[in-house]
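Asks: how would this look folded up:
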Amino acid sequence: MSNLLNTFITELRRGTLTLAVLSQLRTPQYGYSLVQLLESSGIAIDQSTLYPLLRRLEKQELVTSSWDTSESRPRKYYVLSEFGLEIFLQLKEEWKKNSKELFSLLEGDEEDEID
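Replies: You can find the predicted model right below:
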């Protein structure tokens, strides 16, 4: 695959990963549980991508975090803030709208390829 194509794929995934992560944080999740949830939906994400993303979302006040030290291994849990939920719901609607529009364009494009 060309470097240019890899660049475009990375750009495309960046926004979708943010939306995917936000969608799973309505209930508290720690990093590994989040990776598992996403992978079970077919969305692969490296921990080296996930943790910086979670830190950025926390800095933007979309996500809050807290430590659970009740088990032998302390875990940092992340969950949507009230503001984060508002933003997520708006992004979700925007994603649905954009997806429909793009799908319509791409469907027309496939008809051109068949000819």
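Asks: now do stretch 51-61, average pLDDT.
Replies: For stretch 51-61, mean pLDDT is 97.
Asks: distance from the chain centre to that stretch, please.
Replies: Between the centre of stretch 51-61 and the centre of its host chain there is 12 Å, according to Cα atoms, centre = their mean, to the nearest Å.
Asks: next one: stretch 45-52
Replies: Using Cα atoms, centre = their mean, the offset of stretch 45-52 from its chain centre is 11 Å.
Asks: would you mark the buried spots in it?
Replies: Using 16 or more other Cβ atoms under 10 Å as the test for burial, stretch 45-52 gives Ile45, Leu50. (Glycine included, C-beta is placed from N, CA and C.)
Asks: same thing with stretch 63-73?
Replies: By 16+ other Cβ under 10 Å, the buried positions in stretch 63-73 come out as Val63, Thr64.
Asks: just the endpoints, please. Distance across it?
Replies: Distance between the boundary residues of stretch 63-73 (Cα to Cα, to the nearest Å) amounts to 22 Å.
Asks: for the lengthiest helix in the chain, the distance to its chain's centre please.
Replies: Longest helix of the chain, by residue count under DSSP state H: helix 82-114. Helix 82-114 sits 15 Å away from the centroid of its parent chain (Cα atoms, centre = their mean).
Asks: what of stretch 64-82?
Replies: Relative to its chain's centre, stretch 64-82 lies at 19 Å (Cα atoms, centre = their mean).
Asks: what does stretch 44-51 give?
Replies: From the chain centre to the centre of stretch 44-51 is a distance of 10 Å (Cα atoms, centre = their mean).
Asks: all good on my end, thank you.
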